[in-house]
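Undergrad: Starting from these lines, generate the structure:
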Amino acid sequence: MTEPADVVFDSTAQGDLSLGVLRPGGVLISIVEHADPELAVRVEAAGRRFAGISVEPDYAALEAIADLVDAGLIRPHVEETFPLEEAGKAHELVASGHVRGKIVLTV
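TA: Alright, predicted model coming up:
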């Protein structure tokens with residue numbers, strides 16, 4: 001098992017699953033359930049913090065995030081990598097609900 005995460009950025013509406021990988025005091029950031037007060041209560045009751053945000057495309061912010069990744073300050077967790085020809089397998093894995101990171105398709 002990997003170390004508990006300090007921050008989980010949830011873009012999948014699986015806040016409770018994301019909560020399970022957070023360390024005590026960690027932050028769950030949700031863009032899907034950003035206005036879910038019940039999720040916020042569950043997160044805070046578990047000793048974690050919750051932030052819900054609404055996302056609008058922002059090229060400058062995406063560039064800044066890319067710079068942080070390039071500098072090694074943000075490290076995305078890659079669950080598995082598939083060649084594009086196996087996109088169906090990748091989709092099946094995502095649909096299983098048991099993914100704890102990103103699925104990457106290589107071209």
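
Undergrad: Which residue, other than its chain neighbours, is closest to Arg75?
TA: Val69 (7.6 Å; CB to CB, 6 or more residues apart in numbering). Bear in mind the C-beta positions are built from the backbone N, C-alpha and C, glycine included.

Undergrad: if I look at that neighbour, how far off is His91?
TA: 25 Å (CB to CB, to the nearest Å).

Undergrad: quick one on the thing from earlier: what helix or strand is the residue nearest to Arg75 on?
TA: Under the criterion of DSSP states H and E, Val69 resides in helix 59-70.

Undergrad: And Arg100, by the same measure?
TA: Going by DSSP H and E, Arg100 is not part of any helix or strand.

Undergrad: Do I have it right that it meets Val78?
TA: No. The criterion here is CB atoms under 8 Å, and Arg100 misses it with Val78 at 10.3 Å.

Undergrad: So which of those two has more stuff around it?
TA: Arg100 (15 against 10; other CB atoms under 10 Å).

Undergrad: For the more buried one, give its distance to Leu93.
TA: Distance, Arg100 to Leu93, using CB to CB: 11 Å.

Undergrad: which residues touch the helix holding Val69?
TA: Identification of contacts with helix 59-70 by CB atoms under 8 Å, 6 or more residues apart in numbering yields 74-76.

Undergrad: hmm, 7 Å instead?
TA: Ile74 (CB atoms under 7 Å, 6 or more residues apart in numbering).

Undergrad: elements contacting the helix or strand following it?
TA: Heading C-terminal from helix 59-70, the first helix or strand you meet, by DSSP H and E, is strand 78-83. With contacts taken as 3 or more CB pairs under 7 Å, 6 or more residues apart in numbering; DSSP states H and E, strand 78-83 sits against helix 87-95, strand 102-106.

Undergrad: so which of these comes closest to Gly52?
TA: Across these, Gly52 has its closest neighbour in strand 102-106 (20.9 Å, CB to CB).
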